[in-house]
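In: Okay, sequence plus prediction incoming.
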Amino acid sequence: MAGGMEGIRAFLLTLLVLLGIGAAPTGTNAAAGPTALATSQNLSQAAPVDRATPAPSAPPATFAPKAVPATQMGRLPASSSKQPFFRGGVPKRASAPTNSTTPAPLLATSSPNIALYNGLNKPGQTAASAGDFSPPDSTGAIGPNNYVEMANSSIAVYDRSLNLLSSKSLAAFIGQGAGASLCDPQIEWDPAASRWLYAFLYCNLASSTQFLPFGWSRTSDPTNLTSAGWCQFAIVNTPLLMDYPKLGHNSHYLIVGGNFFSEAVPSLTPPFAGAGIMWAPLPASNSDTTCNSPTVAASPLPLRNGDGHTLTFTPVPVNTDSNAGDGYVLSAYDPSVSAQNKLSVWHIDSAGGFNPDADISVNSFTAPLNAPQSGTSNQIDTLDGRLTQAVGDPTTGIWTQHTVNGPGNRSVVDWYELTFPGSNPIQQGIVSSPTDFVFNAAISPTSDARGAAIEYNRSSSSIFPVIAAQVRRAVTPANQMDPGELILATSSAADVDFTCNNPAGAPCRWGDYSAATPDPVQTNIVWGTNEFNTASTNPPAWSDENFALLVTPTRAVQQLSSPAPAPSRSPVNQVSPAPSPSPR
C-alpha cells in the first residue's frame, strides 16, 4: 500500500509540474529559490519574512515581451510616495548590536599606486535634487566627452571635468508627468555603437500593467535629455514586474537581466516568477537616428543555473567595453540558505542567439550581514550576495563582484576576473577590513586592460560610512589589489532616514548598487559613482560622489579632445594566478 501511495504522490507531483503549479522540480533545493519579501500595507517597503514557496509561480503561457515607443505607455499615474520600492530577495540578518556614539578617526593607508585624475572627485546628485527618494540607486558611466549619472529618480549629464551640463527627472526625461514612479536606473556608454544606453523600471505594484523603459542616444552626445536627443522605448512585459534590472550589451544588442515577479493579481508582495534576460537589437548603423522600435527577444522563464535545477537570481549582463560580438551574462548562485561556490554564465551572440555556458567554480561564499554605523543602532543593508555589475571584454577580462560574509561576520567584497574562453576564474580576490564592513562595490578594468579599480563603501560601529577605492596593475600579484586605499568621501552623519527600521527590524536601504566604468579616451582611468550620507534626518540625506581614478599614475597622461584609437589589449594579470578552482 505504501508503494501505491508513493506512486499516486509521484503522479500528482508530475501533474502539478505539467500544469505549471509551483511544485519544486526534482533535484531542486527547495529552500534556495528566491521569493518575494513581504511589504508593509501602507508603504512600498520590503519587510523580511521567511520564504513562502520553493519554486516560482507559473509564468504566463507565453512570455513574449515587446518594445513600443515610450509614448505608447500613455500617461503613467503619479505617485506621492517617496518610500523605497519593493526589492525582491531574502531576509537580511542583523550584525552584532552597536552602541558607539563617537566616530573614531579614519585609519586608512594611502596607496602610491592610485590617485585622482585631474583632481576629479565631486558631489553629484543628492536626495533633494533627485526627488527625495531612497535608496539612491547611484550609477554612472564615462564616454568620450561626457559623464552621465543616474539616480533614483533623475539623470544628469556632465562634461569630462564634471561640470553639470543638463539634468532632468527620469519622468521628464521620457516625457512623463511629474510623479511617475520610475526607479532602478542603469546607464552605459557603448563604444561599438558610439551611443549611450539606458534602462530603468516602471515601479508599479498597483496594477498588472508593467513596463521597462529603455533606449539609446541618437548620437554620441547625451546632453539633449528629450526625445530629440534620445530614442526612447518601453518593453511591455505585463503582468511581470522586472525587479532589479541590470543593463549590458554586446556589439549588436542591448541586454537587460532581472528578477520577474507576477502582478497578474496586483499585490504589494508579488510572487517570484523567475529570473530572465531580454535583448533588443541596436541600430545597424551608428549614423541611424530614426528610432524604429526594435524586436525584443527573451530567455526561457524561469531561468535556471548551470546545474539545470536551481533557480537563477539577478542575472547581470556585462557592460562590454569593446566591439565584442558575444554579450555575457553572469549570476551568482543564491547563497541565502547555504554556502555557494558557483557563478552561472550565458551569452547572447552577435546573431541574437541565447547560449547557456558552463558554470564557473569560485571560492565558497555566504550572504552578508547588515553593516553597523556609528552613533545609531540602525544598520545598513548590504544586499544578499547577488552580483551587482560586470564590466569588460570576454578576451582580455570581464570583472565582477558581490558583497558576501567574511571573517568576524563582517561583510567583504569578493571580486573575479573571467575570460571566455578561459580557465576561469583567471583570478579572484577579496576587499576586506579587520575592523569595518565593506559593501556596495563596483569594479572595472581600465580600457587598455592593464589595470583595474574597485570602489566601495566601508562602515562600522566606530565610523560613519565612507567611499574608498583600491587598484591593481599589470605587475600586482595575482588575486590582490595594491596595498592601501584612497578615501573619496566621508559621511558626516549616520543614515537614519525613513527606510531605517521600517518596518521594525529592517536595515537602512543603501545603494542598491554603485558604478565603475573604463574611460574610452584616457585608457588608464576608471570613473565611478557611489553614495555617502550628509545628515541624520528622517528625509533622506544621501549624496552621490562622482570621481575619476588614475590607476597607474606613473604613466604619462595626455588630455585628449577626441577618442584615442583602440589600443592593442593585453591581459591585466601578467603573472601566474594562485591555484583556484577549475570551471565545471
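Out: Cool, the structure landed.
In: where in this structure is pLDDT low?
Out: By pLDDT under 70, the weakly predicted segments of the chain are 1-62, 80-86, 89-112, 553-584.
In: any idea which residue sits dead centre in it?
Out: Thr388 (3.2 Å; CA atoms, centre = their mean).
In: what helices or strands is the helix or strand harbouring it leaning on?
Out: Assigned by DSSP states H and E, Thr388 falls within strand 387-393. For strand 387-393, the elements it packs on are strand 240-249, strand 316-317, strand 319-320, strand 327-332, strand 397-405, strand 437-445, strand 515-518, judged by 3 or more CB pairs under 8 Å, 6 or more residues apart in numbering; DSSP states H and E. Every residue, glycine included, has its C-beta placed from N, CA and C.
In: Return the list of helices and strands in contact with the third one.
Out: To tie it back to what came earlier, the one meant is strand 319-320. Right, strand 319-320 is packed against strand 240-249, strand 387-393 by 3+ CB pairs under 8 Å, 6+ apart.
In: Could you export the ones you listed to CSV, including columns for distance to Pro135?
Out: Shown next, in CSV, are the helices and strands packed on strand 319-320 (distance: least, CB to CB, whole Å):
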stretch, distance to Pro135
strand 240-249, 12
strand 387-393, 12
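In: Out of the helices and strands packed on strand 387-393, which is closest to Phe365?
Out: strand 397-405 (4.1 Å; CB to CB).
In: and the closest one, which strands flank it?
Out: The strands beside strand 397-405 in its sheet (DSSP bridges) come out as strand 387-393 (antiparallel), strand 411-418 (antiparallel).
In: quick one: which of those is nearest Val148?
Out: Closest among those, using CB to CB: strand 387-393, at 15.3 Å.
In: host element of the nearest residue to Ser536 once chain neighbours are set aside?
Out: Closest residue in space to Ser536, ignoring its immediate chain neighbours: Ala493 at 4.2 Å, by CB to CB, 6 or more residues apart in numbering. Assessed by DSSP H and E, Ala493 sits outside every helix and strand.
In: is it fair to say Pro335 lies in a helix?
Out: No - looking at Pro335 with DSSP: H, G, I helix; E, B strand; the rest coil, it is coil, so not inside a helix.
In: Give me the spatial nearest neighbour of it, chain neighbours excluded.
Out: Nearest in space to Pro335, with sequence neighbours left out and distances taken as CB to CB, 6+ apart, is Gly385 at 4.2 Å.
In: Check whether the one you found sits in a helix, strand or coil.
Out: Assignment for Gly385 (three-state DSSP): coil.
In: and it, what is it in contact with?
Out: The contact partners of Gly385, by CB atoms under 8 Å, 6 or more residues apart in numbering, come to Ala332, Asp334, Pro335, Ser336, Gln340, Phe365, Thr366, Ala367, Pro368, His402, Thr403, Val404.
In: still on that earlier bit, okay, the strands paired with strand 397-405 in JSON lines with distance to Ser536 next?
Out: Output for the strands paired with strand 397-405, formatted as JSON lines (distance: least, CB to CB, whole Å):
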{"stretch": "strand 387-393", "distance to Ser536": "26"}
{"stretch": "strand 411-418", "distance to Ser536": "22"}
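In: Endpoints of stretch 133-145, how far apart?
Out: Distance between the two ends of stretch 133-145: 29 Å, counting by CA to CA, to the nearest Å.
In: Flag every buried residue along it.
Out: Residues Phe133, Ser134, Pro135, Pro136, Asp137, Ser138, Thr139, Gly140, Ala141, Ile142, Gly143, Pro144 are the ones in stretch 133-145 that count as buried (16 or more other CB atoms under 10 Å).
In: Of the residues you listed, which pair is most distant in space?
Out: Ser134 and Pro144, at 32.8 Å, using CB to CB across these.
In: Just to be sure, Gly408 is in a helix?
Out: Yes - the assignment for Gly408 (three-state DSSP) places it in a helix.
In: any idea how far Gln428 is from it?
Out: 20 Å (CB to CB, to the nearest Å).
In: wait, isn't Leu162 in contact with Glu149?
Out: No - the pair Leu162 and Glu149 does not pass the contact test of CB atoms under 8 Å, sitting 9.2 Å apart.
In: all helices for the protein, in order.
Out: In the chain, the segments counted as helices under DSSP state H are 2-18, 127-130, 170-173.
In: sorry, back to before: could I get the buried residues of stretch 133-145 in a markdown table, plus columns for distance to Asp414?
Out: Shown next, in a markdown table, are the buried residues of stretch 133-145 (distance: CB to CB, whole Å):
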| residue | distance to Asp414 |
| --- | --- |
| Phe133 | 29 |
| Ser134 | 27 |
| Pro135 | 22 |
| Pro136 | 24 |
| Asp137 | 22 |
| Ser138 | 21 |
| Thr139 | 21 |
| Gly140 | 23 |
| Ala141 | 23 |
| Ile142 | 25 |
| Gly143 | 29 |
| Pro144 | 32 |
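In: ok, those residues vs Thr396, which is closest?
Out: Ile142 (18.3 Å).
In: how close does the closest one get to Leu549?
Out: 11 Å.
In: shared neighbours of these two, which are they?
Out: Common neighbours of Ile142 and Leu549 (CB under 8 Å, 6+ apart) are Ile525, Trp527.
In: what about the strands paired with strand 397-405, which gets the closest to Ser444?
Out: Here strand 387-393 is closest among those (CB to CB), at 4.4 Å.
In: and the closest one, how far from the chain's centre?
Out: What separates the centre of strand 387-393 from the centre of its chain is 8 Å, taken as CA atoms, centre = their mean, to the nearest Å.
In: neighbouring contacts of that strand?
Out: 246, 248, 314, 316-322, 324, 328, 330-332, 343, 398-403, 417, 440-445, 449, 511-518, 569.
In: Give me the angle between it and strand 327-332.
Out: Between the axes of strand 387-393 and strand 327-332, defined by axes from the mean of the first three to the mean of the last three CA atoms, to 10 degrees, the angle is 150 degrees.
In: Kindly export strand 387-393 (C-alpha atoms) in CSV.
Out: This file holds the C-alpha atoms of strand 387-393, laid out as CSV (Å, rounded to 0.1, in the frame of the first residue of the first chain):
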residue,chain,number,x,y,z
LEU,A,387,26.3,40.3,-8.3
THR,A,388,25.5,43.9,-8.9
GLN,A,389,27.5,44.8,-12.0
ALA,A,390,30.1,43.5,-14.5
VAL,A,391,32.4,45.2,-17.0
GLY,A,392,35.0,44.3,-19.5
ASP,A,393,35.8,42.3,-22.7
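In: Could you number the chain from 16 rather than 1 from now on?
Out: OK, 16 is where the count begins now, so the last one is strand 402-408.
In: Run the angle between that strand and strand 255-264 for me.
Out: Going by the same axes, to 10 degrees, strand 402-408 makes 30 degrees with strand 255-264.
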